[in-house]
Structure formats: C-alpha cells, structure tokens
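Student: A predicted structure for the sequence below; I have some questions about it.
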Amino acid sequence: MSGSMRAVVIEAPGGPEVLTVKEVPIPAPKHGWVLIKVEAFGLNRSELHFRSGVAYSGSFPRIPGLEAVGTVVDAPGGEFEPGTQVAALMGGMGRSFDGGYARYVSVPTTSVVPFVSDLGWEVLGAIPEMLQTAAGSLRVGLQAVDGQSLLIRGGTSSIGLALAVLGSARGMTVLSTTRNPERADLLRSAGVDHVLIDDGEIAAAVRDIVPNGVDGAVELVGTNVMRDTLQSVRTGGTVCFTGMLSDEWTIPEFYPMDWLPNGVRLTAYSGEASDLSSADLQAFIDAVASGHARVPIGRVYAMDDIAQAHRDMEAGVGGGKLVVIP
C-alpha cells in the first residue's frame, strides 16, 4: 500500500504546540511487521513525558503514541489476515519507531493483540494500555489474591479507574483516593468501596478502615506521596509503583531503612504487550459488551484537537481515559 496519510508529528520536544498534524507517507511493513489502519488511540501520560523531552528513551522527529486499535491492512509474514481487529501497544511504539498518532501504523507482530468486537472504536481505543497496566500491576506487581484489600493512590486516573473495575470484579475491598471530593461518585461508579480525599497524608485514614493496613497498594501519584502510601500497607503487604501523575519519579538520597516500614515490600510495574494476552483482552471486551465491566472514558477528540487533548491530560481533566479518533 502506498500513498500518504495524516499523522501527528513532533519535530522537537516542547509544549502541546509541538504536536503538529501533517501529511506523511504511509509506512511500508517489513517481514515480521503489520500495517494497521488506526481507528482510535488512547493518550498516556508517558507520551506527555516524551513530548516534553524528559523521557528516558526515544528520538525526534517522531510520530508519538504507544498504543492504537484498528484493523490489519497487510502482514507480509502472514501472521494476521487483512481485516483482523487488533490492538497494538508498547515495544518501542512512538519512541524508537513511529507510533499510533496516525491514520496508519506499522508495528512488529510482537506488539499486536487480536480481538473480535462490535463495541465502538472510542471504547476499544481506551482499553489496551489501560488494561495491560492495571492488570499487570495486580498480577505481577502486587501478586494480588481475590478478596484482599487494595489501595489505589491516584484513583481518578484512567489506570486507577481500571484498577477499581478489576479489583471489584475480583471481590477485593477497594480503597481509592482523589484530591477532588466532587469525583467521589465517579470512583464509586467504578466499584470503589471507600473513597479517601487525598491531602497528601492518608495512611491514618486507611488504617481507620483497615486497622492493620491494606494488603496491597498501587502508587499512581509518584514518589512525593509514596512514603505515605508505604505507611498504609500491612506488614507482609506490597506497594507497586506504577505511575507518576505528579511527574515525580525519583527519590533523592534514598535510605531504605528510613523509607520502608518493616516487612513492607516495594515493587514496580511498567509492562509490555506480551503481558496482555489475546484471551485476557477478549475476556475484558466481552465483559464490557455484556455490561459486567465498564471502560472509564474521559473525553474523545478528533486528531486536529490533539494539542488540546494533551493540555487536558496535563491538567488532569477528563475523569478517565482520553481517546482520539484519527
């Protein structure tokens, strides 16, 4: 397939204004890669870090975007039939090679997960990275067990809301934080049992609900509150560092015996496409279709509104996943 397409291009790092919609050549897939017609793509905070030039990997100029959903146009190796519905994510998308902020994207087969669904593309576009990160944080980061207690720090983020949906489905007692009391109902609608208003110190409030501390906590805010999150977890429990909404992800002069409560484990989760199986993705999509799970969508944008979408992501507005229809 040849010709041109519309895509968002970043020539050099900077503010949202560096996201420019341009006409560029449609990529040609090589053996072992897949050309996908993009129908929707979700926005992720790590793309904000890449755009602003503080990410640890990637190069410019670049079409950003670490995830997309759509249909297969061509797979030279024969791994997928044309027309197959797929999600593409991670593996260097949008950093070491051009990503999903485009009408077409070419990715390695290892980044592709097939599915079948009649859901709208704006719903499907919100799922892949959000589900992979939330499910991976529970399974790999916390090694969570059904029925345990779970604290989500940064609950109104898209991953926080997905964690609440997954935790509730597993019969967990879910505690979740927000700085804005007006978002309490949003958290409850996702399955949260106890809403905590986050003023920077919530450990005492957590222990008012779970006196010995929660079994596990997923840190999505950052290192600026992680010490307090660690104090919220029981001896033998685990904190998984998954996100940094505050844009603070390092700890100066880290002294483990000063930071870590006795017996509390600290892990991290970043994940890859291989952590999201086709069976798990299909099961979640089917649960959404049947009304047994929901996708927390914040706002849906057109590609021409990509700069505003990044401004909204940076401001933390939306109350769920931000999705773009190219």
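Tutor: Great, that's in hand. Residues are numbered from 1 along each chain as shown.
Student: Count the neighbours of Ile251 for me.
Tutor: Residues lying near Ile251 (other CB atoms under 10 Å) number 12. All C-beta atoms are positioned from the backbone trio N, CA, C, and that covers glycine.
Student: just checking, it touches Leu260?
Tutor: No. Under the criterion of CB atoms under 8 Å, Ile251 makes no contact with Leu260, lying 11.1 Å away.
Student: Work out which residue lies at the spatial centre of the chain.
Tutor: Met130 (3.5 Å; CA atoms, centre = their mean).
Student: Spit out the contact partners of it.
Tutor: By CB atoms under 8 Å, 6 or more residues apart in numbering, the residues touching Met130 are 42, 158-159, 162, 295, 321.
Student: How about Ala7?
Tutor: 21-22, 24, 63, 98, 101-103.
Student: do Arg207 as well
Tutor: 213, 232.
Student: wait, is it part of a strand?
Tutor: No. Secondary structure of Arg207 (DSSP: H, G, I helix; E, B strand; the rest coil): helix, not part of a strand.
Student: Could you pull out the strands in the stretch 151-300 of the chain for me?
Tutor: Under the criterion DSSP state E, counting those that start in this stretch, the stretch 151-300 of the chain contains strands at 173-178, 194-197, 214-219, 233-241, 265-268, 297-302.
Student: one step back: how about the contacts of Ala7, which pair is most distant?
Tutor: Distance extremes for these: the farthest pair is Val21 and Asp98 at 14.2 Å, using CB to CB.
Student: Quick check on those two: which one has the bigger neighbour count.
Tutor: When Val21 and Asp98 are compared on other CB under 10 Å, the one with more neighbours turns out to be Asp98, at 22 against 18.
Student: Now that one: closest residue in space that isn't a chain neighbour?
Tutor: The spatially closest residue to Asp98, leaving aside those adjacent along the chain, is Ile63, at 3.9 Å (CB to CB, 6 or more residues apart in numbering).
Student: how near is the one you found to Thr71?
Tutor: 19 Å (CB to CB, to the nearest Å).
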